[in-house]
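Peer 1: kindly generate the corresponding structure for this input.
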Amino acid sequence: MKNKIIIGRTDKIDLPDFEIFDVNAKIDTGAYTSAIHCIRINLIDGILHFQIPGLMDHQVLKDFTTNIYTTKRVRSSNGKTETRYSIKTHVLLFGHLYNEEFTLTDRSKMKNPILLGRKVLRNRFIVDVSKKNLSFNLKYQ
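Peer 2: Below you'll find the model as predicted:
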């Protein structure tokens, strides 16, 4: 059994494929899949189009497209099941780059624009809810 890294209840993470850095993420052991806040999510001629709004104070709206995606049924925190588009992208945590699945959804009413679920955490991390920003703090030591 390899040593697991302690992660707090929240952290600031990087999504280098999107050139998004130090964005707030909630660590959620109740969620299986991770999610990223997106708007204007549309499928046009087999190409998935979506926008990632400014997740950092100084960042503007960014447009993205991909033809590599899936759909998945997700039960949200309010108990409703919905179909979401899902993509894979890299997330940087504790100096390691992980290729992970994220569903695209409007999280504008949520406190954190990114949610990291059990799929990312499994066999890698132990969550200590009394801590926060452990990866972010390590990055800037």
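Peer 1: which strands and helices sit next to the lengthiest helix in the chain?
Peer 2: Counting residues, the longest helix in the chain under DSSP state H turns out to be helix 134-139. Contact here means 3 or more Cβ pairs under 8 Å, 6 or more residues apart in numbering; DSSP states H and E; on that basis helix 134-139 packs against strand 5-7, strand 10-15. Just so you know, the C-beta spots here come from the backbone N, C-alpha and C atoms, and that holds for glycine as well.
Peer 1: past the lowest-mean-pLDDT helix or strand in the chain, which element shows up next along the chain?
Peer 2: Least confident helix or strand of the chain, by mean pLDDT, DSSP states H and E, is strand 62-66 with a mean of 90. Under the assignment DSSP states H and E, the closest C-terminal helix or strand after strand 62-66 is strand 70-75.
Peer 1: mean confidence for that next one?
Peer 2: Here strand 70-75 scores 93 as its mean pLDDT.
Peer 1: parallel or antiparallel, which strands does that strand pair with?
Peer 2: Strand 70-75 pairs in its sheet with strand 81-93 (antiparallel), by DSSP bridges.
Peer 1: one step back: may I have the longest helix of the chain as CSV, with CA atoms only?
Peer 2: Extracted in CSV, the C-alpha atoms of helix 134-139 (Å, rounded to 0.1, in the frame of the first residue of the first chain):
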residue,chain,number,x,y,z
LEU,A,134,-2.4,22.1,1.3
SER,A,135,-1.4,21.6,-2.3
PHE,A,136,-1.5,25.3,-3.0
ASN,A,137,0.6,26.1,0.0
LEU,A,138,3.2,23.5,-1.0
LYS,A,139,3.3,25.0,-4.5
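Peer 1: contacts for it, please.
Peer 2: With Cβ atoms under 8 Å, 6 or more residues apart in numbering as the test, helix 134-139 has contacts from 6-8, 11-13, 22, 93-95.
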